[in-house]
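Enquirer: got a sequence here, can you model it:
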Amino acid sequence: MPAVYAQTAPRQVALIITNGTVVTMDGAGRVLTPGAVAVDGRDIVAIDTPEAIRKQFRAAETIEAWGSVIMPGLVNTHTHAPMVMYRGLADDLALMEWLQKYIFPAEAKTLSPEFVRAGTRLAALEMIRSGTTTYADMYYFEEEIAKETKTAGLRAVLGQTIIQFPVADAKTPADGLARAEAFIKDYKDDPLITPAVAPHAMYTLDGPTLMACRELAKRYRVPTIIHVAETQEEEKTAQERHQASPVRYLESLGFLGPGVLAAHAVWVSEPEIAILKARGVGVSHNPESNMKLASGTAPVPAYLAAGIPLGLGTDGAASNNDLDMFEAMRTASFLHKLHSNDPRVVDAKTALTMATIGGARALGMDSRIGSLEPGKRADLIVVSMSTARQTPMYDPISHLVYTTHGDDVQTTIVNGKVLMRGRKVLTLDEDAVLKEARMLSEKVKLAVK
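Expert: Okay, here's the model as predicted:
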C-alpha cells in the first residue's frame, strides 16, 4: 500500500508581505527575488519564496510588494528628536558657535513639555515616512518623548540628558540624574522604549557627574549615550582641562564599557580605537552633521577594520537638516571614498549594514532587530523601486544606498504593527502634526529675535 501522509493546514498569521525583493541583512546576506515575509504578533515567523509562504501560512492581512524591496527598518543611532523644531534656525556655523549662540539660548526660551511633545510628533512623522523604525535619542523631558514615540508606534532608545548647567527640565545635574532614574523605572520593561542615561559630553560635565551617570546606567543595566570627540575644539578642551584626549579621559575615569554608545567619535586615534574595541563601546557615525558643521571626518574605515560596533545617525534635524537615513547612507559612503581617495571604501553593502544590523549592534539590540530573520521583531519597510529614478535596477543593495530617498518608502512596520501603508501614516494625524509645528515655529522666531 502506498504511504499516506497527513496534510497540515496552513498556519494562520497576522500579516504576510509578499512578491517583493527581500533584502534580509542576515548573516548569510540572503536576497530573495521574489520573496515573502510572514509575521505573527510582534515577530517574524518565516522568510521564503512567495509560493512557500503561501503554502505554509494564511494571513489576516497581505501586503503586495511588487516592484519593491522588503528590508529591515532603518536604525538611527543618534538624534535629538524634538530639535526638528529648530530645523534651519542657524546654519553654516561651527559647532560651538552654533550651540552657544543659537541653540542653547533658543532652548532656554522655548523648551517645555508641550514643545517637546510637538517636536517628537513631527520627528516621528518624518521617521515613519522615511523608513526609520528604531532611533536613539538624547534630549530633555524624555518621558514626554517616550509617550509620543509609543503613540506613533516607533521603537527607540531614549536617553535622559544630564548636563552641568540649568536646563528646562533640571536645574542641576543631580536633578537630571533623579529624572533619569525615574524615567528608567517607568520604562524599564517596555516593549518599544529602552530607557537610557545620556550624559551630554565630557566638556559639559565634571568627572564625578560623568561617573554618577555611568553608575546609574550600570545599576539598572540600561545604555549610556554620550557625545565623544566630536570636534577639534573638544579635543583642545580635554587637553587643557585633563591633559588627555576625550577618549583617554573617559577611560581614565573608568567610564567606558559595554553599553556605552559614543556619538560622533570623530577625533579618535588608532590607539584610542583599540581602547573603544577593548571596552566594547559602540559608535554612532553622523556624516551629514559632521560635514555641515565642519567637525571633521570620523575614522570609519579604521572602526570597521577593528570590528567596532558601528551604526549611522542623522544627528538632530537642527544640524543635518533632516532625519532621512537613506541620505545618511549615501553621504557616509561618498564621504569616506573621497576622504580616503579609494572608491572601494564603505561600499553599498557596508553602508546598508551600518544603517541596519550594524546600528542594532551598536545599540546592543542585534538579537531583536536589524535584520529579517525568524524570531526577530517584525520591524521592516517596503521601498518602491518603480520610479524613473530607480529604473532599471540591477542590484537592490546598490539602489538602496545610491539611488533611494526616504520618500520612496511605501510601508513601515514596527513590532508587527503597520504604521504606514501606501504612504499613508496610520498612527499620526499628519495634518494636525504639521499645523501644530508651524504654529510653534512662530514662538521660536520670537524667542530668538
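Enquirer: excluding sequence neighbours, find me the nearest residue to Arg368.
Expert: Arg377 (5.1 Å; C-beta to C-beta, 6 or more residues apart in numbering). To be clear about C-beta, it is placed using only N, CA and C from the backbone, and glycine gets the same treatment.
Enquirer: could I get the phi/psi values of the one you found?
Expert: Dihedral pair for Arg377: phi -60, psi 150, per degrees, to the nearest 10.
Enquirer: what of Met138?
Expert: phi -140, psi 120.
Enquirer: could we number from 434 for the rest of this?
Expert: Sure, I'll start numbering at 434, so the last one becomes Met571.
Enquirer: what number of residues lie near it?
Expert: 27 (other C-beta atoms under 10 Å).
Enquirer: what's Val847 sitting at in phi/psi?
Expert: phi -130, psi 130.
Enquirer: SS state for Pro776?
Expert: Here Pro776 is coil, with the state taken from DSSP: H, G, I helix; E, B strand; the rest coil.
Enquirer: tell me the pLDDT of the residue nearest to Arg801.
Expert: Arg810 is assigned 98 on the pLDDT scale.
Enquirer: likewise for the one 5 residues further on?
Expert: Reading off the per-residue confidence, Val815 sits at a pLDDT of 98.
Enquirer: isn't there a strand covering it?
Expert: Yes. Read with three-state DSSP, Val815 is one of the residues of a strand.
Enquirer: not counting sequence-adjacent ones, nearest residue to it?
Expert: In space, Val815 is closest to Thr844, 3.9 Å off (C-beta to C-beta, 6+ apart).
Enquirer: so where does that neighbour fall, helix or strand?
Expert: Assigned by DSSP states H and E, Thr844 belongs to strand 842-847.
Enquirer: who touches the helix or strand containing Arg487?
Expert: Assigned by DSSP H and E, Arg487 belongs to helix 483-489. Helix 483-489 is contacted by residues 443-444, 449, 451-452, 467-471, 479, 481 when judged by C-beta atoms under 8 Å, 6 or more residues apart in numbering.
Enquirer: give the buried residues for it.
Expert: Buried positions in helix 483-489, judged by neighbour count with 16 or more other C-beta atoms under 10 Å: 483, 486-487, 489.
Enquirer: pLDDT at the residue lying closest to Val470 once chain neighbours are set aside, what is it?
Expert: With C-beta to C-beta, 6+ apart as the criterion, Val470 has its nearest non-adjacent residue at 4.8 Å, and that residue is Ile450. In this model, Ile450 is scored at 98, pLDDT.
Enquirer: counting by contacts, list what the helix or strand containing Ile450 packs against.
Expert: Assigned by DSSP H and E, Ile450 belongs to strand 444-456. Other helices and strands packing on strand 444-456, by 3 or more C-beta pairs under 8 Å, 6 or more residues apart in numbering; DSSP states H and E, are strand 464-473, strand 476-481, helix 483-489, strand 490-497, strand 501-505, strand 813-817, helix 829-835, strand 842-847.
Enquirer: give the contact list for the closest residue in space to Ile503 that isn't next to it in sequence.
Expert: Excluding the flanking residues, the one nearest Ile503 by C-beta to C-beta, 6+ apart is Gly453, at 4.3 Å. Going by C-beta under 8 Å, 6+ apart, Gly453 touches 467-469, 498-503, 815.
Enquirer: and which of the residues you listed is nearest to Thr836?
Expert: Val502 (11.0 Å; C-beta to C-beta).
Enquirer: list the residues that contact that closest one.
Expert: Taking C-beta under 8 Å, 6+ apart as the criterion, Val502 is in contact with 453-456, 815-816, 818, 829, 832-833.
Enquirer: just Thr495 next, same as before
Expert: Applying C-beta under 8 Å, 6+ apart, the residues contacting Thr495 are 448-451.
Enquirer: if any of the contacts of Gly453 are buried, put those into a PyMOL selection.
Expert: Applying 16+ other C-beta under 10 Å to these, the buried members can be selected in PyMOL as follows:
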select buried, resi 468+469+498+500+501+502+503+815
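Enquirer: so which helix or strand takes in Glu577?
Expert: Assigned by DSSP H and E, Glu577 falls in helix 575-585.
Enquirer: next, the angle strand 842-847 makes with that helix.
Expert: Here helix 575-585 runs at an angle of 120 degrees relative to strand 842-847 (axes from the mean of the first three to the mean of the last three C-alpha atoms, to 10 degrees).
Enquirer: and helix 575-585, what's buried?
Expert: 575-583, 585.
Enquirer: can you put those in a markdown table and add distance to Ile595?
Expert: Putting the buried residues of helix 575-585 into a markdown table (distance: C-beta to C-beta, whole Å) gives the following:
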| residue | distance to Ile595 |
| --- | --- |
| Glu575 | 11 |
| Glu576 | 15 |
| Glu577 | 17 |
| Ile578 | 15 |
| Ala579 | 17 |
| Lys580 | 20 |
| Glu581 | 21 |
| Thr582 | 20 |
| Lys583 | 23 |
| Ala585 | 26 |
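Enquirer: which one of these sits closest to Ala557?
Expert: Using C-beta to C-beta, the buried residues of helix 575-585 come closest to Ala557 at Ala585, 3.7 Å.
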